[in-house]
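In: only the shape, not the letters, is given here:
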């Protein structure tokens, strides 16, 4: 048995530490162990065993590992390779990458898996379009061509896009493709963007596949997630459903990864390592000669561009299969409206209820009002820690910051001049709920957002109630906008379609367009009389007009022209450096130094945007500045970024922190 162990820790260091095995004979590769790290003990990952010491290390200075945590290995050499790739591509430590991959539970809890036998529910017959797509997805392939770790791949690689209108049966194609893979002895990972979709998808997969199905998501306790992880590693579960982190599931003989609603921004991690599940999926499929199929009614602009270029094979589904038709979508100007709900929307809600059908009201902002303004002196109530307005939550009688959590009682009068002509304005889901209850006291109304989910299981309970018809109006944020399938829904009301269009981000129009089209897809899935009313202050905005016309091709044609002119993805690649620190002068000096280092190191065809203050310049008491590298290809840009970071780390100010985001999806 080798006397030395190599460990990495979930810290921002790209370094392996050597320890004595000592008496811990059960310490082997793939397990976690407590070990001394500086003046403290930390939980590390055993990534190597060796007979020889690294050069320069004195044996007498080595310390033994203290205690092994796991009874059986949680990861293997393939997982370490994936972590090394992530560390290199996303500029993080190997331990940080493993920390993102492996559930943090100290020990696996006992869990209830899906039933051992499936319930024998009939598998739906496929349409001709679905059959054609399924045959392409499961046709023989030798895996010879493989994508690199980016959204982009050589011709012939096994990348597919199932593109179809909402309600066209994409899920059934995914499920039958998964079934064929399981018959071949392969495993499947099925990714969904939202927790609300995870529960629905997990339920469907559990009924279809029984005991070989597993779910991993952040709503589970760490010990329950670890228990599922152990089941998957043992080979007891061969199809795994979940959001972003499920892409790391340690399945055996990976055959297929499915990414539903591929365009969704939640597939990108907001913390180190800032990985994108789509890129990780591509890397895993390349390494394991597996297939990747993405799907959506509104692909990302990058995916659409690669589809048009023939780099991803597109498979089309063009019609709804459950008896529904394309909904009638009408823009409603709010220019002269009184209140949050227009006269037309109120009339259609009443008509829908009289038919025994249901309504969804969508607004992508929680709270009651999100902007405090004094008409007398112009005072605005902002967070004391962040450069953002506070949002009034009437149910709590508090004004909250959605970035740092700071809260304060709402002022009775203007704090600056004492005027009573001051208060919160702007629309939030609580305000919509109040107006809806006042307008429709006879209807059963339920609000669904993160504020209303006050206990475990409340999300599933609300969705089940709505599916049974026990709720007349379901109102909520984007968790009601995508993927959910409710037979009784006739009417969808987009309360304010302009949300997000004004953000200083080149993806703002794409996000607004996608959300409108997605939420519109909840209407009329089983009946041909679906209606969508899109309330807006900008009825002539191209993104809103294209969304109301369901003109996906037209929107992306226009959007890609704008992106090309402005030099933004998919016609360039971006790496964003963000400096944050509690002292504004230190933050300014650090970003200026970073920019000075970057200038000479950038490739000739690359450039930099900034340095500048971030659009949200202060979060949680930290001043934020950014520098964005932009170039036509990732390889040279990535190499330059590595050299910039290396020079910057020499003599850096310890009181400021550098964040690196490769392929950022948000520039706020």
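Out: Arrived safely. Keep in mind it's a predicted model, so treat the numbers as computed, not measured.
In: contacts for the strand or helix carrying residue 544, please.
Out: Secondary-structure element containing residue 544, defined by DSSP states H and E: helix 542-548. Contacts with helix 542-548, where a contact means CB atoms under 8 Å, 6 or more residues apart in numbering, come from 329-331, 497-498, 501, 509-510, 512-513, 516-517, 520, 532, 534, 536, 538-539, 552, 554-555, 558. Bear in mind the C-beta positions are built from the backbone N, C-alpha and C, glycine included.
In: which stretches of the protein have low pLDDT?
Out: When the per-residue scores of the chain are filtered using pLDDT under 70, the ranges that remain are 108-121, 141-157, 322-323, 454, 483.
In: sheet partners, orientation included, of the lengthiest strand in it?
Out: Among the elements of type strand in the chain, defined by DSSP state E, the one spanning the most residues is strand 607-619. Within its sheet, strand 607-619 is paired with strand 622-631 (antiparallel), according to DSSP bridges.
In: can you mark which positions in the strand it pairs with are buried?
Out: In terms of neighbour count (16 or more other CB atoms under 10 Å), strand 622-631 has its buried residues at 622, 623, 624, 625, 626, 627, 628, 629, 630, 631.
In: columns distance to residue 476 on top of the residues you listed, output as TSV?
Out: Shown next, in TSV, are the buried residues of strand 622-631 (distance: CB to CB, whole Å):
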residue	distance to residue 476
622	31
623	34
624	30
625	35
626	32
627	37
628	34
629	38
630	37
631	40
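In: right, and out of these, which lies closest to residue 37?
Out: Within the buried residues of strand 622-631, proximity to residue 37 (CB to CB) peaks at residue 622, which comes in at 25.8 Å.
In: show me the contacts for that closest one.
Out: Contact criterion CB under 8 Å, 6+ apart gives 580, 581, 582, 587, 657 as the residues in contact with residue 622.
In: change it to 7 Å
Out: Residues in contact with residue 622, defined by CB atoms under 7 Å, 6 or more residues apart in numbering, are 580, 581, 582.
In: in CSV, list the residues you listed along with secondary structure and neighbour count.
Out: Supplementary listing: the contacts of residue 622 in CSV, determined by DSSP: H, G, I helix; E, B strand; the rest coil; neighbours: other CB atoms under 10 Å:
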residue, secondary structure, neighbour count
580, strand, 21
581, strand, 23
582, coil, 14
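In: how about TSV for these, with distance to residue 97 added?
Out: Rendered in TSV, the data for the contacts of residue 622 read as follows (distance: CB to CB, whole Å):
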residue	distance to residue 97
580	22
581	25
582	28
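In: quick check, residue 645 in a helix?
Out: Yes. Membership of residue 645 in a helix is supported by DSSP: H, G, I helix; E, B strand; the rest coil.
In: could you report the neighbour count for it?
Out: Using other CB atoms under 10 Å, residue 645 has 18 neighbouring residues.
In: walk me through the domains of this structure.
Out: Each structural domain of the chain that the record assigns through automatic domain parsing is listed here as a residue range: 4-101, 128-317, 328-367+427-564, 573-662.
In: gap between the two ends of the first one?
Out: Between the opening and closing residues of domain 4-101 there is a gap of 25 Å (CA to CA, to the nearest Å).
In: now the residue lying closest to residue 73 once chain neighbours are set aside: phi and psi?
Out: Spatial nearest neighbour of residue 73, chain neighbours left out: residue 30 (2.8 Å); criterion: CB to CB, 6 or more residues apart in numbering. When quoted as degrees, to the nearest 10, the phi and psi of residue 30 stand at phi 100, psi -10.
In: isn't residue 30 right next to residue 74, touching?
Out: Yes. Counting by CB atoms under 7 Å, residue 30 sits close enough to residue 74 to count as a contact (5.9 Å).
In: which of these two has more neighbours?
Out: The residue with the greater number of neighbours, taking residue 30 and residue 74 and applying other CB under 10 Å, is residue 74; the counts read 24 against 19.
In: which secondary structure element contains the more buried one?
Out: With DSSP H and E as the criterion, the answer for residue 74 is that it lies in no helix or strand.
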